[in-house]
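Participant: need a 3D model of the following:
(chains A, B and C)
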Amino acid sequence: MTAALVAAAAVVLVAVPFLREPAPRDDSLREPREATKRTLALAEERDRALAALKELEFDHRTGKLSDADYRELVGTYRRRAAAALQGLEPAP
Amino acid sequence: MIALSIAAVLAVFILYTSAFGGGTPSISPSQLPGHNGRVSLVGKVTGQPTGDGHAHALRFRLRDRDGSASVPVVYRGSVPDLFKSGREVVVDGHLLNGTFVGVRGTLVTKCPSKYAPAKNT
Amino acid sequence: MADLGRAALFVSLGLALYATIVGAWAARAGKRRLADSAGNALLAALGSTAVAAAVLVAALVRHDFSFVYVAQHTSTELPTGYSISAFWGGQEGSLLLWLLVLTGYAGAAVLLNRRRAPDLVAWSVPVLGAVSIFFAFMLVAVSSPFATQTAPAEGEGLVPSLQNPYMLAHPPLLYLGYVGLTVPFAFAIGALLARRTDERWIVATRRWTLVAWTALGIGQLLGAHWAYVEVGWGGYYAWDPVENAALMPWLAATAFLHSVMIQEKRGMLKVWNVLLVILAFCLSLFGTFLTRSGVVTSIHSFTESPLGPWFLGFICAVTVGSLGLVFLRLPLLRSKTRLESLVSREAAFLYNNLLLVALCLTILWGVAFPMLSELVHGESRTVGRPYYDFFLRTFGLPLLLLMGIGPLIAWRRASLRSLGRMFFWPAGIAVVVGAILLALGAGSSTPGLAAYTFCAFVLASIVLEFVRGTRAVGSFTQLVGRNRRRYGGYIVHAAIVLLALGVAGSGAYGSSTERKLSPGQSLEVGGYTLTYRSLTQQRAANHVAVRAAVDVSRGGEVVARVEPGKNQYFAEDQVSNEMAIYTNWLRAEDVDVIADQIDPGGAIYFKALVKPLVNLIWLAGLVFLAGALVALWPDAREQRRLATRYALVEA
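Facilitator: Sure, this is the predicted structure:
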């Protein structure tokens, strides 16, 4: 008896998405399009560059990075961040 | 770079195995004849063990887990509490004139159920 | 009642099949509602498995011996707490626990991620489902906890050595760890299947991995403490295959937690990370297999059971399938970033990874050796303690050193001058400490001395990191609050240092003595004098406690009285060894006294061991937990940043 209840509950739970939306407008799984994937990659690149800049600054302040190394690396990462930010701008 | 490290690990490994040999054979009493070096003997204790391992050497017979071949064992050292006739044990040692001489402190009982360690080293 | 249990498991199996087959179809065809339905199937499986678990717990508490499992693992006099712990005391119950934890984790993973990353979840659900199918099938068809019989009058009872509080905590924690590694695996495979090479899967599973890894670590330390205090041979780790079974996935997960940071910062090592996650999961399955199949001679192992071949087959299928998928997706995973310098924090992380994986693989080799040599030579050969000790030293000592070096090096590349400046104080302190220890006699063990010196180096570098960081940021709480993962990680490193100190101290610098004593006689060990006074017997509920009263003196003064002895259990007809421990806090060492052989006449063969620093190991557990909690603590700012990043996908 209880077993039947358990089975019934399982069936109901599995059917819920269909019971909730018997006739949905859009039933497709939102898979990122190629364009979105590229945007995502750029966003990750941007976040990485920004985080790297923050970390470089911290490493420099705590003495792990020499002035010369800091200046060189900061330049590289500022350029990378700028490139990523530019890529993320909507096309004019 | 990764290839170099793998090579290094393998080198360390080969060095070790060549220096320390390739493990101790784990055998049962029926496989003993022919083994002259140190082995790990696995089997079931049969008969009436005598002695306590310290003042008087522990003497018992060890037979194959599924079989009848057995060998007398003499052992000095700590004896695990779970040791008794019918238990499965492992003991390191070598065969000498028909008797298996155990290495001190290597007698270990295998526990009949899961999660029950019974070590004595 | 058993019928309900069996039916519930059958329902779980059906749901797992649905989740896998329908879930894969839904992900492939891109059908949202169907994918949601498959995810719900996993949640429902949690429900039905919980029902089955409840049935078993009820039967255990009631001591319903019509359940074969209950009769095998409990008895009428067994206290309720231990009757409940008998749930995981045997084969079938522990499989049920596996399934319960798995469906729990799977359900939580689905619930928390289905809105944020629907395509990723859609592909991860079939993977989680597939693993669930295996365990549910085992429970339904091969090894059921709900077999029934005509109830005997009395049960076989729980092995005495399992009747202690550790039994309540150690196995569940380990399972939270083992099973927890399934979620990162499922998400990694799901990401590969969904062709998503971005870091979404890492962000989704980072916390899970940390939780599982922490549980596995604490579970092992509990096990070690149990072995030390209760089993009483003066040791805490025997390199037993089943102990190694938990250590190997933990090492792989540790490597992953480090290399994942490189992927986040530099976008490198994607393939390596996926392989590590697969390795960790396969090792956790392998560990479960080892404990159950009787393939390896182990004090922990079951007698041979029919589960062995099934498990082996499943592990092979998982390994081949995942590796095949990685191979197929290789072009997607390749990154263009290269390592800029061999002297950089990335490089240090890479060395750390290589050492951890090397240690893990050598342990795996040692565990598999008996099986492999049986196949090749016809007789199984075992490797002994010296094998493991050698590799622990060879890989562990450099790892220890790296823990100190890593934090001091900058990312990308470090110049020699900045290295010199950073290393000066920690290295200096380490050298001074080393010299002092050498003068105090620590030179008796070279690896021990090296370990101590490296530990000093690492501790100094960690302290310096906190000091420099606080100075740079201005406040300690702000420093840790804004960099929870990094500083939590440093705390965990400090815990590992404590662990290393404890292991090195008790391993390399102890002493031991064995002697037969009659009442009044004494023995000397490590500067202590132990005098055997008298023997007593006391009857308890289910055993007789035989105890020897022993005085411990140092420098002529009695500092403690310890009572080593044995417990003789009636029902189980077994004897357990009760080791006595005296902890000398000032000297930071333990004196372990074992009453090895008790003669009827009253003479006792004693074994006494002095273990320096052993309690640091247990302290390490607490520090480890604290560090993990700091690292796990959610960071609102980081959450917001990630939310905005992934909102792009939803757009």
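Participant: the helix or strand containing residue C:135 and chain A in contact?
Facilitator: Assigned by DSSP states H and E, residue C:135 falls within helix C:118-137. Yes: legend: contact between helix C:118-137 and chain A by C-beta under 8 Å from any C-beta of the partner chain is shown at C:118-119, C:122. C-beta here means a position set from N, CA and C on the backbone, and glycine is covered the same way.
Participant: chain C: strands as residue ranges?
Facilitator: C:380-382, C:511-517, C:522-525, C:528-539, C:543-554, C:557-562, C:565-569, C:574-578, C:580-584, C:589-598, C:604-612 (DSSP state E).
Participant: would TSV of these with mean pLDDT be doable?
Facilitator: Output for those, formatted as TSV (pLDDT from 0 to 100):
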stretch	mean pLDDT
strand C:380-382	79
strand C:511-517	89
strand C:522-525	92
strand C:528-539	92
strand C:543-554	91
strand C:557-562	91
strand C:565-569	87
strand C:574-578	83
strand C:580-584	92
strand C:589-598	90
strand C:604-612	91
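Participant: thinking again about what came up before, of the residues of helix C:118-137 next to chain A, just say which sits nearest to residue C:179.
Facilitator: residue C:122 (21.8 Å; C-beta to C-beta).
Participant: tell me the contacts of that closest one?
Facilitator: Counting by C-beta atoms under 8 Å, 6 or more residues apart in numbering or on different chains, residue C:122 touches A:29, C:23, C:26-27, C:35, C:38-39, C:190, C:194.
Participant: quick one: contacts for the residue lying closest to residue C:147 once chain neighbours are set aside?
Facilitator: Spatial nearest neighbour of residue C:147, chain neighbours left out: residue C:68 (4.3 Å); criterion: C-beta to C-beta, 6 or more residues apart in numbering or on different chains. Contact analysis of residue C:68 by C-beta under 8 Å, 6+ apart lists C:147-149.
Participant: are any of those buried, and which?
Facilitator: residue C:148 (16 or more other C-beta atoms under 10 Å in any protein chain shown).
Participant: quick one: secondary structure of the closest residue to residue A:70 other than its chain neighbours?
Facilitator: Residue nearest to residue A:70 in three dimensions, not counting chain neighbours: residue A:60, with 4.4 Å by C-beta to C-beta, 6+ apart. What DSSP: H, G, I helix; E, B strand; the rest coil gives for residue A:60 is helix.
Participant: just the closest of the contacts of residue C:68 to residue C:411, please.
Facilitator: residue C:147 (58.1 Å).
Participant: what about the stretch 351-500 of chain C, any weak spots by pLDDT?
Facilitator: Low-confidence segments of the stretch 351-500 of chain C (pLDDT under 70): none present.
Participant: near chain A, which residues of it show up?
Facilitator: So far as C-beta under 8 Å from any C-beta goes, the stretch 351-500 of chain C lies against chain A at C:408-415, C:417-418, C:421-422, C:465, C:468-469, C:471-472.
Participant: of these, grab the buried ones for ChimeraX.
Facilitator: A single ChimeraX command is used to select the members of those judged buried by 16+ other C-beta under 10 Å:
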select /C:408,409,410,411,412,413,414,415,418,422,465,468,469
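Participant: longest strand in chain B, please.
Facilitator: strand B:39-50.
Participant: check contacts around residue C:431.
Facilitator: residue C:453.
Participant: now with 10 Å?
Facilitator: C:453, C:456-457 (C-beta atoms under 10 Å, 6 or more residues apart in numbering or on different chains).
Participant: quick one: which of these is most hemmed in?
Facilitator: Highest neighbour count within the contacts of residue C:431, by other C-beta atoms under 10 Å in any protein chain shown: residue C:457, with 26 neighbours.
Participant: give the bridge partners for the closest residue to chain B within the stretch 451-600 of chain C, please.
Facilitator: Closest contact between the stretch 451-600 of chain C and chain B, by C-beta to the nearest C-beta, is at residue C:575 (4.3 Å). Beta bridges link residue C:575 to residue C:568, judged by DSSP bridges.
Participant: so how far is residue C:564 from it?
Facilitator: Noted for residue C:575: a distance of 13 Å to residue C:564, by C-beta to C-beta, to the nearest Å.
Participant: same question for residue C:143.
Facilitator: 40 Å.
Participant: between those two, which one's more packed in?
Facilitator: residue C:564 (27 against 22).
Participant: counting neighbours, what do you get for residue C:434?
Facilitator: Counted with other C-beta under 10 Å, residue C:434 comes out at 19.
Participant: for it, which residues are in contact?
Facilitator: Contact analysis of residue C:434 by C-beta under 10 Å, 6+ apart lists C:442-443, C:449-450, C:452-454, C:456-457.
Participant: let's have those residues in a markdown table, adding distance to residue C:629.
Facilitator: Below are these laid out as a markdown table (distance: C-beta to C-beta, whole Å):
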| residue | distance to residue C:629 |
| --- | --- |
| C:442 | 34 |
| C:443 | 39 |
| C:449 | 33 |
| C:450 | 31 |
| C:452 | 28 |
| C:453 | 30 |
| C:454 | 26 |
| C:456 | 26 |
| C:457 | 26 |
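Participant: for chain A, give me its nearest residue in chain C.
Facilitator: Counting by C-beta to the nearest C-beta, chain C gets nearest chain A through residue C:7, at 3.5 Å.
Participant: give me the number of residues near that residue?
Facilitator: Residues near residue C:7, counting by other C-beta under 10 Å: 20.
Participant: dump the residue contacts of it.
Facilitator: A:2-4, A:6-7, C:48, C:51-52, C:55, C:146.
Participant: now find how far off-centre the worst-scoring helix or strand of chain A on mean pLDDT is within its chain.
Facilitator: When the helices and strands of chain A are compared on mean pLDDT, DSSP states H and E, helix A:34-61 comes out lowest with a mean of 82. Centre-to-centre, helix A:34-61 and its host chain are 11 Å apart (C-alpha atoms, centre = their mean, to the nearest Å).
Participant: give me the contacts around the very next helix or strand once past that helix.
Facilitator: Heading C-terminal from helix A:34-61, the first helix or strand you meet, by DSSP H and E, is helix A:67-88. The contact list for helix A:67-88 (C-beta under 10 Å, 6+ apart) reads A:38-39, A:41-57, A:59-61, A:64-66, C:340, C:410-415, C:417-418, C:648.
Participant: let's go with 6 Å and repeat that
Facilitator: The contact list for helix A:67-88 (C-beta atoms under 6 Å, 6 or more residues apart in numbering or on different chains) reads A:42, A:45-46, A:49-50, A:52-53, A:56, A:60, C:412, C:415.
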